[in-house]
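Asker: Give me coordinates for this.
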Amino acid sequence: MRKLRLLLFPFAGVYYAITLTRNKLFNAGILSSKKYDLPVICIGNLSVGGTGKSPMTEYVIRLLQAHKRVATLSRGYGRTTKGYRDVLPTSLATEVGDEPLQFAQKFDAINVAVCEDRQAGISRLLGKENMLEVILLDDAYQHRKVTPGYSILLTAYGDLYSNDYLLPAGNLREPRSGASRADVVVVTKCPSQLSKVEQENIIRQLKTTAGQEVFFTKIAYDDCVYGANGNVQLHSLKVHNVTLVTGIANPEPLVNYLTSDGLSFNHKSYGDHHNFSASEIVELEKLDCILTTEKDYVRLRPLLTMRHLYYLPIKVAFLNNSQNFDRGITHFVNEYNEK
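Answerer: Got it, this is the predicted structure:
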């Protein structure tokens, strides 16, 4: 791997020059970026792969939806369609993407839309008659044509952007200096017992700018698994021959959690946002019991007729200072709405 990375560094240098120039042109105003008259919150990362953007988006939805009219706008990664689309609970993942469909099915009080052009998507959302008060941009950190009022940058514990390299030598979409645009940085997927000393060491590694606060979160798994016929305790699956089916960037935390919980299972791992083929569905139908992630479930449920198909929900849990994180967002939104 080290030798391959060395071979790819010249290409990463070219990519660095392109992305750095692009960011400088946006920063200087030579390339235009639009700012809106309502709170726009961006949730994203510097790298490709899973840092937990969807659970964080859901966290912010839960924080705001009781008091504000909220919309989420995503690209709709993995969909077969193009352009703007409203996402309904009855939509298909192939048409709108799995994560936006997950939002629409979980939160009936918000607007969910997909559009690869974020400016066009926001314009369509603002053209609705429901007087939106907040727009959440899911995975839009590199979409510089929109200037968010508040940016949440995620980086995974054990895979910090400060230790990574630009594509194709590493996984960074843009130089590390892009982290300076964030209002807050959240280190996700941390171990539960992350010491203060290690937290401070990570903060030093990230080299945050003045005023940037760093938060630490972990994955919180539900005690129950859910399916079309309701929910059951996770441990009740032990009477079945369980197959874990994942189509996510990094299934390792889930595999480790289930193993530590004492569940015996086989594991079928597919690529992130995998669209299951007809032959794959035929093979999956032969299984006794499938456990999957929530975003995989929204893709699998319309395709499978089996009775024992379940997903295990996850949430973001802050190790500390969640009140400060919440306060930063609500203060930004309330201050913006009062202008």
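
Asker: neighbours of Arg79, just the number please.
Answerer: Arg79: 24 surrounding residues under other C-beta atoms under 10 Å. C-beta: built from backbone N, CA, C; applies to glycine.

Asker: Now it: closest residue in space that isn't a chain neighbour?
Answerer: Gly97 (4.6 Å; C-beta to C-beta, 6 or more residues apart in numbering).

Asker: now that neighbour: how far from Tyr77?
Answerer: Counting by C-beta to C-beta, to the nearest Å, the gap from Gly97 to Tyr77 is 5 Å.

Asker: Can you work out which residues contact both of those two?
Answerer: His273 (C-beta atoms under 8 Å, 6 or more residues apart in numbering).

Asker: These two: who's more crowded?
Answerer: Neighbour comparison, Gly97 and Tyr77: the larger count goes to Gly97, with 28 against 15 (by other C-beta under 10 Å).

Asker: wouldn't that one be in contact with Thr81 here?
Answerer: No: here Gly97 lies out of contact with Thr81, judged by C-beta atoms under 8 Å, at a distance of 9.2 Å.

Asker: Mutual contacts of those two, please.
Answerer: Joint contacts of Gly97 and Thr81 (C-beta under 8 Å, 6+ apart) do not exist.

Asker: which stretches of the stretch 51-200 of the chain form helices?
Answerer: 53-64, 93-96, 98-106, 118-126, 196-206 (DSSP state H, counting those that start in this stretch).

Asker: quick one on the thing from earlier: where does the residue nearest to Arg79 fall, phi/psi-wise?
Answerer: phi 90, psi 150 (degrees, to the nearest 10).

Asker: max-length helix in the chain?
Answerer: Scanning the chain for the helix with the most residues, using DSSP state H, yields helix 2-27.

Asker: Let me see the mean pLDDT of it.
Answerer: In this model, helix 2-27 has a mean pLDDT of 81.

Asker: Helix or strand next in line after it, which one?
Answerer: strand 40-45 (DSSP states H and E).

Asker: which one in the protein is furthest away from the centre?
Answerer: Val239 (32.7 Å; C-alpha atoms, centre = their mean).

Asker: quick one: the residue nearest to Arg79 and Gly149, what's the gap?
Answerer: Using C-beta to C-beta, one obtains 25 Å as the distance from Gly97 to Gly149.

Asker: What strands line up against the longest strand along the chain, and which way round?
Answerer: Ordering each strand of the chain by length in residues (DSSP state E) puts strand 213-221 first. Next to strand 213-221 in the sheet, as set by DSSP bridges, lie strand 184-188 (parallel), strand 314-318 (antiparallel).

Asker: now the first one and helix 53-64, what's the angle there?
Answerer: Translated: strand 184-188. 120 degrees (axes from the mean of the first three to the mean of the last three C-alpha atoms, to 10 degrees).

Asker: Output strand 184-188 in PDB with nothing but the alpha carbons.
Answerer: Below are the C-alpha coordinates for strand 184-188, written out as PDB (Å, rounded to 0.1, in the frame of the first residue of the first chain):
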ATOM      1  CA  VAL A 184     -17.300  23.200  14.100                       C
ATOM      2  CA  VAL A 185     -15.400  20.000  13.600                       C
ATOM      3  CA  VAL A 186     -16.900  16.700  14.800                       C
ATOM      4  CA  VAL A 187     -14.800  13.600  15.300                       C
ATOM      5  CA  THR A 188     -17.100  10.700  14.700                       C
END
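
Asker: Please state the offset of that strand from the chain centre?
Answerer: In terms of C-alpha atoms, centre = their mean, to the nearest Å, the centre of strand 184-188 is set 12 Å apart from its chain centre.

Asker: What lies in contact with it?
Answerer: Outside strand 184-188, the residues that reach it (C-beta under 8 Å, 6+ apart) are 51-52, 56, 151-157, 160, 179, 202, 206, 208, 212-219, 316, 325, 328.

Asker: Which other helices and strands does the helix-or-strand element of the chain with minimal mean pLDDT contact?
Answerer: Lowest by mean pLDDT, DSSP states H and E among the helices and strands of the chain is helix 2-27, with a mean of 81. If you count contacts as 3 or more C-beta pairs under 8 Å, 6 or more residues apart in numbering; DSSP states H and E, helix 2-27 packs onto no helix or strand.

Asker: Check which residues of that helix are buried.
Answerer: Leu8, Ala12, Tyr15, Tyr16, Thr19, Asn23, Phe26 (16 or more other C-beta atoms under 10 Å).

Asker: picking up where we left off before, nearest to Tyr336, out of the helices of the stretch 51-200 of the chain?
Answerer: helix 53-64 (12.0 Å; C-beta to C-beta).

Asker: and the closest one, average pLDDT?
Answerer: 97.
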